[in-house]
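[1] build the 3D model from these lines:
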Amino acid sequence: MSRLIKFAILGFGHIGKRHAQMILQNKESELVAICDVLPKNELEISEFNNIPYYNNIDKLIQSNIKFDVVCVCTPNGLHAQQSITLLNNGFHVVCEKPMALTKKECEAVIAASKKVSKYVFCVMQNRYSPPSKWLKKIITENILGDIYMVQVNCFWNRDKRYYQNSTWRGTKDLDGGTLFTQFSHFIDTIYWLFGDLAINSAEFRDFNHKNLTKFEDTGTVNFDLKKGGIGTLNYSTSVWNENLESSITIIAENGSIKIGGQYMDKVTQCTIKNYKMPKLAPVNEPNDYGSYKGSAANHQYVIENVVDTLNGYNQITTKSHEGLKVVEIIERIYKLKSSN
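    Numbers count the residues shown, from 1 in each chain. From the prediction side, this is the model:
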């Protein structure tokens, strides 16, 4: 028989609220505490007014409230240390992307989780998108045959509307960079589908964010796939006014595929030898944060996976070593930046 899984949320910005909404919608979960450094009256929190509120992690941990798992939804640079603190105090952790900003920090989180036998759930909700699940299936079943070429394009808008109301976005120590904050989901997609990457070259530019961030807004990365084939990742946050595209194109032995749209949500090309594409389930709308939009709103599946795993019905969808691998790949890409 399943038990009610009790959640607390650390960090109650846009993504923290998304976690809260999904927890409340799940019949086998309960939101029992919220924690954020801002005073409660400065947050849009009316629908959660009945939930106990704390303004620092120590007060949350020392409270008399019983909970099983904490969703870490704070700035990127805080993820590792806060996750370790929570693990050491006996809680499972749901860590928003990225898991940390360095491989070394990820390794420390994993070591802490093993020491106390607690789970770390990494949030990579794009894996739940119907086109992504279908693509994973046909690659796993080798329907495409040898993969020759992969191209991923991520062209988004992140202008002053995104950065002006935040003290951490755009900073090196808390944000980390465009690949960490905006496009780590797509690094995860490439890794999830094709395995590890050998990074060959990368170029970076800062076209229109010089007064907004401490890093690039645009890049091109060339890589080799583990099982052969070549790939390119093109990304930018310098698109005017609104997101333009998130797409993946695959050229393979038995055919070609393109999944496009603004959020890699539409199969626009599928030509495969002796294969008829099935009808896919509808895709969820992207997370809409008012002044900007993010990836697909699939956090309900993340919370469902946490609940099912802790109740023994399922296994973790994105394990901690996969979260580490995404960070490691991004680190390797950015090392080319520092050597250029």
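[2] and A198, that's in a strand?
    Yes: the assignment for A198 is a strand, going by DSSP: H, G, I helix; E, B strand; the rest coil.
[3] for it, which residues make a bridge with it?
    Note on A198: beta-bridge partners D224, judged by DSSP bridges.
[4] neighbours of it, just the number please.
    Close neighbours of A198, defined as other C-beta atoms under 10 Å, add up to 12. The way it works is simple: take the backbone N, C-alpha and C, and place the C-beta from them, glycine included.
[5] list the contacts of it.
    F223, D224, K226 (C-beta atoms under 8 Å, 6 or more residues apart in numbering).
[6] before we move on, what about S246?
    N153, C154, F155, W156, F186, G260, G261, Q262, Y263, M264, D265, S295.
[7] only the buried subset of the residues you listed, as a ChimeraX command please.
    Remark: buried members of the contacts of S246, expressed as a ChimeraX selection using 16 or more other C-beta atoms under 10 Å:
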select :153,154,155,156,186,260,261,262,263,264,265,295
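[8] out of the contacts of S246, who's nearest I57?
    Distance to I57, by C-beta to C-beta, is smallest for S295 among the contacts of S246, at 26.5 Å.
[9] which residues touch the closest residue to K40 other than its chain neighbours?
    Counting by C-beta to C-beta, 6 or more residues apart in numbering, K40 lies nearest to Y53, which is 4.9 Å off, once chain neighbours are set aside. Neighbour list for Y53: A33, I34, C35, D36, K40, I45 [criterion: C-beta under 8 Å, 6+ apart].
[10] N165 too?
    Contacts of N165 by C-beta under 8 Å, 6+ apart: none found.
[11] cool, the one 3 residues further on as well?
    W168 makes contact with P75, G77, L174, D175, according to C-beta under 8 Å, 6+ apart.
[12] from D265, how far off is the second one?
    In other words, G77. 30 Å (C-beta to C-beta, to the nearest Å).
[13] can you select the buried ones from the contacts of W168 in PyMOL?
    In PyMOL syntax, the buried subset of these is picked out as below (16+ other C-beta under 10 Å):
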select buried, resi 75+77+174+175
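[14] and which of the contacts of W168 is nearest L144?
    D175 (36.1 Å).
[15] quick one: pLDDT of that closest one?
    pLDDT recorded at D175 is 98.
[16] shouldn't it be in contact with T167?
    No: contact criterion C-beta atoms under 8 Å: D175 and T167 do not qualify, at 10.4 Å.
[17] quick one, what contacts S256?
    T249, I250, Q269, T271, I272.
[18] for S113, that is, sorry about that
    Contacts of S113 (C-beta under 8 Å, 6+ apart): L87, V93, Y119, V120, S320.
[19] helix, strand, or coil at it?
    Looking at S113 with three-state DSSP, the answer is helix.
[20] the chain should start at 15 in everything you say after this.
    Taking 15 as the first residue, the last one we looked at is S127.
[21] please report how far it lies from G245.
    31 Å.
[22] can I get the buried part of the contacts of Y67 as one ChimeraX selection?
    In ChimeraX, the members of the contacts of Y67 classed as buried (16+ other C-beta under 10 Å) are selected with the following command:
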select :47,48,49,50,59
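[23] and the helix ranked longest in the chain, how far from the chain's centre?
    Ordering each helix of the chain by length in residues (DSSP state H) puts helix 334-353 first. Mean-position distance between helix 334-353 and its chain equals 14 Å (C-alpha atoms, centre = their mean, to the nearest Å).
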